[in-house]
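> sequence first, predicted coordinates after that:
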Number of protein chains: 2
Amino acid sequence: MHHYTVGNVTTEYFTFAEDEPFCLESGASIGPVTLAYETYGQLNADRSNTILISHALSGSAHAAGFLDGDVEKVGWWDDCIGPGKAFDTNRFFVICSNVVGSCYGSTGPASVDATTGKPFGLSFPVVTVGDMVRAQEKLLDYLGIDRILCVAGGSMGGMQVLEWAAHHPARVRAAIPIATTAVHSPMLIAFSEVGRQAIYADPAWNHGAYYDKPNKPDAGLAVARMVGHITYLSEESMHLKFGRRLQGMEKYGYEFETEFEIESYLKYNGLKFTRRFDANSYLYVTKAMDYFDLTQPTGSLAATFADASHVKFLVVSFTSDWLYPSYHSKRLVSALTAAGADVTYLDVKSSWGMMHFCWRSIR
Amino acid sequence: MHHYTVGNVTTEYFTFAEDEPFCLESGASIGPVTLAYETYGQLNADRSNTILISHALSGSAHAAGFLDGDVEKVGWWDDCIGPGKAFDTNRFFVICSNVVGSCYGSTGPASVDATTGKPFGLSFPVVTVGDMVRAQEKLLDYLGIDRILCVAGGSMGGMQVLEWAAHHPARVRAAIPIATTAVHSPMLIAFSEVGRQAIYADPAWNHGAYYDKPNKPDAGLAVARMVGHITYLSEESMHLKFGRRLQGMEKYGYEFETEFEIESYLKYNGLKFTRRFDANSYLYVTKAMDYFDLTQPTGSLAATFADASHVKFLVVSFTSDWLYPSYHSKRLVSALTAAGADVTYLDVKSSWGMMHFCWRSIR
């Protein structure tokens, strides 16, 4: 018997746009679209206790509990979702859905295109954070939930939170954007692009058409993930966690095998990622983040949140997070306050950068 | 007639260890060893006016003037070296030599191994910053210079400066380490390793044996350089320099071609680098930096500089440099002060990160 856990869970699937295609921000359309999702806790009688959890770059719908009863497969935010936890499943009905474009059961570039019988690959249309959220809206419609009590998530999950509040405010009562930004910065675009370039550079990528080939672009995807992992740590946390310690040796080997623990950590995580994530999905999901800019089209972030004055916000940042530095959150707080919203801001003092938040591979 | 320039220059070559091999820190040895070098200005009668300039990761011996009379080939630190400039060639005799392991005329992995008649590739021994400096010492011996007035450089150049002061203090009167560290941090190792992994991941790398092949590991080297270029900019400088501006388009293209200016900048610099640098040299030079740790073997940085109390130091850092944050320099200043040296410290307020310093590809 596990205390404080939602216990065994299964992923469910919802398909829409079977007749009418789903129109995307780009002008393209797609259908049918499937979303993988999980729910924890019970929806109350007046359907007013829903908390929507949105995931980051590499996340899935599996946010809590043990998937299909496997105690090794713990949800990525199990620390916070469950009976008596921050998102208390004794009181709230918690939903998490995999974003469109990802590879954990939702429609994405690895899905089979019904018109050709083959995986989409690069013929999959580019999606945006706005598209991800509008797909989640279809899921809420299907589940009969008009309004959510709260939407919460970090990094790209936080972008979805802000997208909900900005463009679907009537359906949101409270929003918790964590370690995120309302405008993807040029530095973030730069890191995205280097990761994509590492994938493009892998001959096995083959312009996205590798699903029927013996080799996948694992080498490129691993490098992309290694770049990502550096950004999830702060310089200080690397000192604390690894220092200059060597891996399984007493002194320098003067060769190019793995020597420092930090190298071993990066290689391990790069390789591990290739076993669970699709390279094309990496391209699509990072691209969606790069397009994210809530200052547009007016140029004013406050104007974007003009209809969200009734939404209660809890904005959270981490002092050592250099990927989403606190000033991004402070700028957001100013805009939300200017828009008349009720905002609480928490700048968590931490040495651990994004890692503080993403301990269970939230990204 | 160009004012304030040293004018036309040519690279010269010095070869040593033709009889006795050059012993390396690793215990391996190599010979003969050639160093490419340039000199500007005149050595004075008592041979006391030498300034040694040390270069960074991707630098060469060509630090000032026009190489072989080509006005397009301006030295990498021409802004600071010349008549009337900071390193005034009217007064000083300035030397810059390409480090061993590099690919600009000094012996490195692309050089031909006399014993096999083929390029070394990965059979080239791993070199350290200490080895680079001891090779420069041979060059000074050859030029008849017992003591240098000053040694100056940034990033890996700064590591050489510190190596000179720590381990060859009798030959140094003043030292200017810029935007550098006495101990390569785990974050720096992490970025080095990701760059190396990008090269390893390129099938054309072929374990370093590509010199006689039609394709070189350009794709991997370009990704490595793109990672580097992100680190040379600060987040703020990317906002100032690029923002979220699109490259040659009015609105999002919703595809995977280059769209944002920052992407174009990175791709351009990655590609450009492959035309001038050798992938194996990238491996060797980054590895040399990773090994750099002047706290060893005693654990005390002050003890390492115990014999350098007569050396005058000017330590320079940049407030927005997140690759070599100012606290690295402050720690160094404390150690030098504890060792009894005369230290001036300058923490330059700058929004431009390392770029402030490396405008002419100093790295």
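Now that the structure is in, tell me what you want to look at. The shown structure was predicted, so the numbers you read here are calculated from the model rather than taken from an experiment.
> centre of the chain to stretch A:322-338, how far?
Relative to its chain's centre, stretch A:322-338 lies at 19 Å (CA atoms, centre = their mean, to the nearest Å).
> for A:Phe66, which non-adjacent residue is closest in space?
Nearest residue to A:Phe66, sequence neighbours excluded (CB to CB, 6 or more residues apart in numbering or on different chains): A:Asn8, at 5.2 Å. From N, CA and C alone the C-beta is placed, and that goes for glycine too.
> verify the contact between the one you found and A:Asp68 for me.
Yes - with contact defined as CB atoms under 8 Å, A:Asn8 counts as touching A:Asp68 (7.1 Å).
> between the two, which is the more surrounded one?
Regarding A:Asn8 and A:Asp68, a neighbour count based on other CB atoms under 10 Å in any protein chain shown identifies A:Asn8 as having more, with 14 against 11.
> and that one, how far is that from A:His62?
Separation of A:Asn8 from A:His62 (CB to CB, to the nearest Å): 12 Å.
> now swap in A:Leu346 and tell me
Distance from A:Leu346 to A:His62, by CB to CB: 27 Å.
> these two: which is more packed in?
Neighbour comparison, A:Leu346 and A:His62: the larger count goes to A:His62, with 26 against 12 (by other CB under 10 Å).
> mean confidence score for stretch A:206-221?
Averaged across stretch A:206-221, pLDDT comes to 97.
> can it be said to contact chain B?
Yes - contact of stretch A:206-221 with chain B (CB under 8 Å from any CB of the partner chain) involves A:Ala219, A:Gly220.
> shouldn't A:Leu323 be within a strand?
No - secondary structure of A:Leu323 (DSSP: H, G, I helix; E, B strand; the rest coil): coil, not part of a strand.
> which residue packs closest to it, ignoring adjacent ones?
Setting aside the residues directly before and after it, A:Leu323 is nearest to A:Thr231 in space (CB to CB, 6+ apart), at 4.8 Å.
> wait, that neighbour touches A:Asp321, no?
No - using CB under 8 Å, A:Thr231 is not in contact with A:Asp321; the gap is 9.5 Å.
> doesn't A:Glu193 lie inside a helix?
Yes - looking at A:Glu193 with three-state DSSP, it is inside a helix.
> so it touches B:Tyr268, yeah?
No - using CB under 8 Å, A:Glu193 makes no contact with B:Tyr268, being 11.9 Å away.
> neighbour-wise, which of these two wins?
The neighbour count for A:Glu193 versus B:Tyr268, taken as other CB under 10 Å, is higher for A:Glu193 (26 against 14).
> please tell me the pLDDT value assigned to the more buried one.
96.
> who touches it in this structure?
Listed by CB atoms under 8 Å, 6 or more residues apart in numbering or on different chains, the contact partners of A:Glu193 are A:Asp290, B:Met226, B:Phe260, B:Ile262, B:Glu263, B:Leu266, B:Lys267.
> swap in A:Thr344?
Counting by CB under 8 Å, 6+ apart, A:Thr344 touches A:Lys312, A:Phe313, A:Leu314, A:Val315.
> you'd agree it is in a strand?
Yes - under three-state DSSP, A:Thr344 sits within a strand.
> tell me the secondary structure at A:Val151.
Per three-state DSSP, A:Val151 ends up strand.
> wait, doesn't it sit right on A:Ala175?
Yes - using CB under 8 Å, A:Val151 makes contact with A:Ala175 at a distance of 5.3 Å.
> does the residue nearest to A:Leu323 count as helix, strand or coil?
Under three-state DSSP, the three-state class of A:Thr231 is helix.
> could you check how far it is from A:Glu261?
Taking CB to CB, one finds A:Thr231 at 18 Å from A:Glu261.
> repeat for A:Met132
Relative to A:Glu261, and taking CB to CB, A:Met132 is found at 36 Å.
> those two: which is more packed in?
Each of A:Met132 and A:Glu261 has its neighbours counted (other CB under 10 Å); A:Met132 has more, 26 against 19.
> what's the spacing between that one and chain B?
Distance, A:Met132 to chain B, using CB to the nearest CB, to the nearest Å: 14 Å.
> overlap of the contact sets of A:Val151 and A:Ala175?
Joint contacts of A:Val151 and A:Ala175 (CB under 8 Å, 6+ apart) are A:Val161, A:Trp164, A:Ala165.
> so what sits opposite the nearest residue to the first one once chain neighbours are set aside in the bridge?
Pointing back at A:Val161 there. Once flanking residues are discounted, A:Val161 sits nearest to A:Pro177: 4.3 Å by CB to CB, 6+ apart. Note on A:Pro177: beta-bridge partners by DSSP bridges are A:Gly153.
> A:Pro177: neighbour count?
Under the neighbour criterion other CB under 10 Å, A:Pro177 is assigned a count of 31.
> who's in contact with it?
A:Pro177 sits in contact with A:Ala152, A:Gly153, A:Gly154, A:Gly158, A:Met159, A:Val161, A:Leu162, A:Phe313, A:Val315, A:Val316, A:Ser329, A:Leu332, where contact means CB under 8 Å, 6+ apart.
> mind redoing it with 7 Å?
A:Gly158, A:Val161, A:Leu162, A:Val315 (CB atoms under 7 Å, 6 or more residues apart in numbering or on different chains).
> so which of these are in strands?
Those of the contacts of A:Pro177 mapping onto strands are A:Val315, per DSSP state E.
> what about the residue lying closest to A:Arg173 once chain neighbours are set aside, how many neighbours?
Spatial nearest neighbour of A:Arg173, excluding adjacent residues (CB to CB, 6+ apart): A:Leu149 at 5.3 Å. The local packing of A:Leu149 (other CB under 10 Å) involves 17 other residues.
> tell me how far A:Leu149 lies from chain B.
From A:Leu149 to chain B the distance is 33 Å (CB to the nearest CB).
> equivalent analysis for A:Tyr284, please.
Distance from A:Tyr284 to chain B, by CB to the nearest CB: 9 Å.
> now for the host helix or strand of that residue, which elements pack on it?
Element membership for A:Tyr284 (DSSP states H and E) is helix A:279-291. Counting contacts by 3 or more CB pairs under 7 Å, 6 or more residues apart in numbering or on different chains; DSSP states H and E, helix A:279-291 is packed against helix A:186-200, helix A:218-232.
> save the ones you listed as TSV, and put in distance to A:Ala28 too.
Below are the helices and strands packed on helix A:279-291 laid out as TSV (distance: least, CB to CB, whole Å):
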stretch	distance to A:Ala28
helix A:186-200	20
helix A:218-232	25
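> returning to that earlier point: do I have it right that the residue nearest to A:Leu323 meets A:Val194?
No - judged on CB atoms under 7 Å, A:Thr231 makes no contact with A:Val194 at a distance of 10.2 Å.
> neighbour-wise, which of those two wins?
Neighbours per residue (other CB under 10 Å) separate A:Thr231 from A:Val194, with A:Val194 holding more: 28 against 20.
> name the nearest residue to the more buried one, ignoring sequence neighbours.
B:Met226 (4.7 Å).
> list the contacts of the one you found.
Taking CB under 7 Å, 6+ apart as the test, what B:Met226 contacts is A:Val194, A:Gln197, B:Leu266, B:Asn269, B:Gly270.
> just A:Met159 next, same as before
If you count contacts by CB under 7 Å, 6+ apart, then A:Met159 has A:Val129, A:Thr180, A:Met289, A:Phe292 around it.
> next one, pLDDT for the residue nearest to A:Val194 please.
For B:Met226, the predicted pLDDT is 97.
> and A:Thr115, by the same measure?
For A:Thr115, pLDDT reads 92.
> try A:Trp77
pLDDT, read off for A:Trp77, is 95.
> over to A:Ile51?
pLDDT, A:Ile51: 98.
> cool, and the one 5 residues further on?
A:Ala56 is assigned a pLDDT of 96 by the prediction.
> pretty sure it is in a helix, no?
No - counting by three-state DSSP, A:Ala56 falls outside a helix, being coil.
> that one touches A:Gly158, doesn't it?
No - the pair A:Ala56 / A:Gly158 is not scored as a contact, 8.1 Å apart, by CB under 7 Å.
> cool, thanks, signing off.
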